[in-house]
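S.K.: Predicted coordinates and the sequence they were generated for:
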Amino acid sequence: MEVNQIQRVRAVIRGAVQGVGFRPFIFRLAEEMQLNGWVINNTQGVFVEAEGEPEVLQQFLLRIEREKPAISFIQSFEHSYLDPVGFDKFEIRESTDGPKTALILPDIATCDDCRQEVFDPANRRYRYPFTNCTNCGPRFSIIEALPYDRPRTSMKIFEMCPACAEEYHNPRDRRFHAQPNACPKCGPHLELWEPSGIVVVKGDGALLHAAAAIRGGLIVAVKGVGGFHLIVDARNQAAVRLLRERKRREEKPFALMFPSFGAVAEFARIEPLEERLLLSTEAPIVLLRRTDLKGLAESIAPRNPCLGVMLPYTPLHHLLMRELGFPVVATSGNVSDEPICTDEHDALLRLQGIADLFLVHNRPIVRHVDDSVLRVMAGRELVLRRARGFAPLPVLLREAVLDVIAVGAHQKNAIAAAVRQQVFISQHIGDLETVPAYGAFQKVLTDFADLYELHPEVLACDQHPDYFSTQYARKQSDVEVVAVQHHYAHAMSCMAENQIDAPALGTSWDGSGYGPDGTVWGGEFLRITPEGFERFAHLRTFRLPGGEKAVKEPRRVALSVLRETFGAELSGLGGLPTLHAFSADERRLLEEMLERGLRSPQTSSAGRLFDAVASIIGLRQVCRFEGQAAMELEFLTHGVVTELTYPFDMVLGDSVTVVDWARMIRAIVADVREATGSSTIAAKFHNTLAEVMVRVAKECGEEKIVLSGGCFQNRYLTERAVMRLRSEGFRPYWHQRVPPNDGGIALGQVAAVARAKPNLTGGKRQTVCA
Ligand SMILES: [Zn+2]
Ligand SMILES: [Zn+2]
Ligand SMILES: [Zn+2]
């Protein structure tokens, strides 16, 4: 879709890439592929920038990994696409010192050498689940303090045996200064526990016993690198259902771990970028299009054409999956909405009644790190959940800013800490709904402040007074607190990672965020100016009967939207699925609430408009998890090819333009009554939203269009918007390294504060980001 458009790719490669001929290798590869740009080496890693056509750049990235010097090893490889700057040659630039801030590496998936040793009967680490080396193994999850040295990791309790110590001190050994180095003699070991805490068996027997239990349909809690997984046989319908019941997780898709890459290919279609991600050292969960369920339980992801898939990334997982030979559900070891368990004794308490057995070990996990989730969108990687493999690597800003800690939003919380040009983004923390989640949030804040020795001048938070993160910030003394409007933060987050400046039009679409005018915002077009932002346009508002309850029930939202559209005519619209989703009493009550505006806040939310349409076409009336209706609406578009759209109106006001969707809703209702297929309706609805973006962009006149907010997790919507905006001469930008959902808010809060406050290079002092 991005044919012949010259782009610039920036890659940051970390690992054993210095002093191994990596720069000359990159130089030769770039010359051969006729790419212009540069490569540089500093204390933070190897930085590469190259310009060319997207297809060639993608090949370039894939070939770097495939053809890298034999003795080099990549521990982390992140890249983003940026605007081209017009390089005229490829050069090796002089090394610079780079930022002095200590770099903490994420946890790294097991390397091939270690994996081979684990399966080699002649090796002293044969079947040892904690095998690692300088190139791989735990990092972020075991570091207690900096500098990174064994006594400051959770490995300090294990004294190395002479053989391990010899490796550790030998500069020619692959385990030279490998801090978590261990072997069966001196390192951590496995145990299998009953829910009562009684040890069933130790060592390799624990793994074999656990494998047998999983094969027999039991739920086993497995302590991994950044926390516990709950594991069941993904083919066993009854076991998967039982896990859902016990975990109180009705329909939200489960992630799967497959024994090998080859096994994944039997179930899903895999694009080259997705293959790269699956096999990368970050080893995230990748969302793939499933081709066939072939014996997998339907309940792993009900009515969902995608599969969330990862491959084994520790020796423990490799051993277990080799033993099993079939895919398993590997979902976070927690009760719904709570943070993942990291400690085996805590797990016994919190996972009581969920897990039948506990496969644990005695290497303490210093901090929780969930599995990351990525999806390929518009030909690029998109991080949906930034955690293992990525946290706490920084996102680089174009300019240095003052020291800021941003506490993020409420859902999918993550925090960020800016140190000059770098913004360290924490691992995913989760929704701050529960006491344990709020505890985890506070722990991560303290943790970051300690690790990086931060003394921030500013704490940035959301404007929503009820967010626990905001309340936390407000309680802190000795530091200035700046509240940043939610959708402005979304737009700034996307601009920061794409390294672009104002002016731009920020299209911030999500479920909800605090609006300064007393309404709930969520379908916003913000003109981003060098000083701040102005609300240029928004979707027409409607009421949410019952507030939070309406978020869980698309039928409530639809009733409101239908009343707005049809008024008194509504009663004559028999046969609409929404109207049949209520009892007569329920409907009367809701209509009265809407009539009198009782507990029915006004919103301009795009996410809720998805909910309304999902209900009107009879797709979903009540959600079992956040975002379900919008997700299912997107799934309906799979394989549909249509250019059709619905009509809508632009109401130009004095201060703000309102996008009126009423004619679209009328047309959708007409389609439903004429029995138009719901897939076609869904595609037309998405197409219409892309046209809305184009029309507002034309009205606004800014060339740069920024797409952020939870709605842009939707692949069809994002790709359609990018394609249409480009064809109309605009330059769309979307997320890559940071989630478009509220997991990216903290970065945006940092970026917003950076503009409003005097930065290190001087500038005017301003106060508000509202
Ligand atoms: Zn290794
Ligand atoms: Zn040893
Ligand atoms: Zn949001």
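M.R.: Received it, and whenever you're ready, just let me know what you need. Ligands and ions are numbered 1, 2, ... in the order given.

S.K.: Residues of the chain that sit close to ligand 2?
M.R.: Contact residues, the chain versus ligand 2 (CB under 5 Å from the ion): 161, 164, 183, 185-186. Quick note: C-beta positions are derived from backbone N, CA and C, even for glycine.

S.K.: Can you flag which of these belong to strands?
M.R.: Taking DSSP state E, every one of those sits outside strands.

S.K.: Please pick the buried ones from these.
M.R.: Neighbour-count burial (16 or more other CB atoms under 10 Å) is assigned, among those, to 164, 183.

S.K.: Looking at the residues of the chain next to ligand 2, which two lie furthest apart in space?
M.R.: Within those, Cys164 and Lys185 form the most distant pair, 7.7 Å apart (CB to CB).

S.K.: Alpha carbons of the longest strand along the chain, as PDB, please.
M.R.: For the chain, the strand with the greatest residue count under DSSP E is strand 394-406. Extracted C-alpha coordinates of strand 394-406, given in PDB (Å, rounded to 0.1, in the frame of the first residue of the first chain):
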ATOM      1  CA  PRO A 394      13.800   4.400  25.900                       C
ATOM      2  CA  VAL A 395      12.000   6.100  23.100                       C
ATOM      3  CA  LEU A 396      14.300   8.900  21.800                       C
ATOM      4  CA  LEU A 397      12.900  12.400  21.500                       C
ATOM      5  CA  ARG A 398      14.400  14.800  19.000                       C
ATOM      6  CA  GLU A 399      15.400  17.300  21.700                       C
ATOM      7  CA  ALA A 400      16.300  17.100  25.400                       C
ATOM      8  CA  VAL A 401      13.600  18.000  27.800                       C
ATOM      9  CA  LEU A 402      13.500  18.700  31.500                       C
ATOM     10  CA  ASP A 403      13.200  15.700  33.900                       C
ATOM     11  CA  VAL A 404       9.600  14.600  34.000                       C
ATOM     12  CA  ILE A 405       7.800  11.600  35.300                       C
ATOM     13  CA  ALA A 406       4.400  11.000  33.700                       C
END
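
S.K.: what are the pairing partners of it, and which direction each?
M.R.: strand 416-425 (antiparallel), strand 458-462 (parallel) (DSSP bridges).

S.K.: So Arg535 belongs to a strand, correct?
M.R.: Yes - assessed by DSSP: H, G, I helix; E, B strand; the rest coil, Arg535 belongs to a strand.

S.K.: Quick check: beta-bridge partners of it?
M.R.: Beta bridges link Arg535 to Leu526 when assigned by DSSP bridges.

S.K.: Looking at this protein, name the residue that lies furthest from the middle.
M.R.: Within the chain, the residue lying farthest from the chain centre (CA atoms, centre = their mean) is Gly572, at 44.1 Å.

S.K.: Quick check: the gap between that residue and Glu591.
M.R.: As judged by CB to CB, to the nearest Å, Gly572 and Glu591 stand 15 Å apart.

S.K.: Equivalent analysis for Gln59, please.
M.R.: For Gln59, the distance to Glu591 - CB to CB - is 59 Å.

S.K.: Near Glu23, how many residues? Count them for me, please.
M.R.: Slight slip there: residue 23 is Arg, not Glu. When counting by other CB atoms under 10 Å, one arrives at 20 neighbours for Arg23.

S.K.: Tell me who's in contact with it.
M.R.: 39-41, 46, 92 (CB atoms under 8 Å, 6 or more residues apart in numbering).

S.K.: okay, the residues you listed in TSV with pLDDT and distance to Ile270 next?
M.R.: Putting the contacts of Arg23 into TSV (pLDDT from 0 to 100; distance: CB to CB, whole Å) gives the following:
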residue	pLDDT	distance to Ile270
Val39	95	29
Ile40	92	33
Asn41	86	33
Val46	91	28
Ile92	93	35
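
S.K.: Most widely separated two among those?
M.R.: Pairwise distances across the contacts of Arg23 peak at 10.6 Å for Val46 and Ile92 (criterion: CB to CB).

S.K.: Any chance you could list residues touching both of these two?
M.R.: With CB under 8 Å, 6+ apart as the test, Val46 and Ile92 both reach 23, 39-40.

S.K.: Which ones among those lie within helices?
M.R.: Within the shared contacts of Val46 and Ile92, residues falling in helices by DSSP state H are Arg23.

S.K.: nearest to Val240, of the shared contacts of Val46 and Ile92?
M.R.: Val39 (47.4 Å).

S.K.: From what I see, that closest one and Ile92 are in contact.
M.R.: Yes - counting by CB atoms under 8 Å, Ile92 is a contact partner of Val39 at 5.6 Å.

S.K.: quick one: the helix-or-strand element of the chain with minimal mean pLDDT to chain centroid distance?
M.R.: Ranked by mean pLDDT, DSSP states H and E, the weakest helix or strand in the chain is strand 394-406, scoring a mean of 90. Distance of strand 394-406 from its chain centroid, counting by CA atoms, centre = their mean, to the nearest Å, is 20 Å.

S.K.: With stretch 26-37 instead?
M.R.: Put simply, stretch 26-37 sits 32 Å off its chain's centre (CA atoms, centre = their mean).

S.K.: Check stretch 522-542 too.
M.R.: Using CA atoms, centre = their mean, the offset of stretch 522-542 from its chain centre is 24 Å.

S.K.: export it as PDB, just CAs?
M.R.: C-alpha atoms of stretch 522-542 as PDB (Å, rounded to 0.1, in the frame of the first residue of the first chain):
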ATOM      1  CA  GLY A 522     -13.400  10.500  22.500                       C
ATOM      2  CA  GLY A 523     -13.900  11.500  18.900                       C
ATOM      3  CA  GLU A 524     -11.600  14.500  18.700                       C
ATOM      4  CA  PHE A 525      -9.800  16.400  16.100                       C
ATOM      5  CA  LEU A 526      -7.300  18.600  17.800                       C
ATOM      6  CA  ARG A 527      -5.300  21.300  15.900                       C
ATOM      7  CA  ILE A 528      -1.800  21.000  17.500                       C
ATOM      8  CA  THR A 529      -0.100  24.300  17.500                       C
ATOM      9  CA  PRO A 530       3.400  25.100  18.700                       C
ATOM     10  CA  GLU A 531       2.000  26.300  22.000                       C
ATOM     11  CA  GLY A 532      -0.700  23.700  22.700                       C
ATOM     12  CA  PHE A 533      -3.800  22.600  21.000                       C
ATOM     13  CA  GLU A 534      -7.300  23.800  20.100                       C
ATOM     14  CA  ARG A 535     -10.300  21.500  19.600                       C
ATOM     15  CA  PHE A 536     -10.900  21.900  15.900                       C
ATOM     16  CA  ALA A 537     -13.700  19.400  15.500                       C
ATOM     17  CA  HIS A 538     -15.400  16.500  17.200                       C
ATOM     18  CA  LEU A 539     -18.100  13.900  16.600                       C
ATOM     19  CA  ARG A 540     -21.700  14.900  17.500                       C
ATOM     20  CA  THR A 541     -22.300  14.200  21.100                       C
ATOM     21  CA  PHE A 542     -24.900  11.800  22.500                       C
END
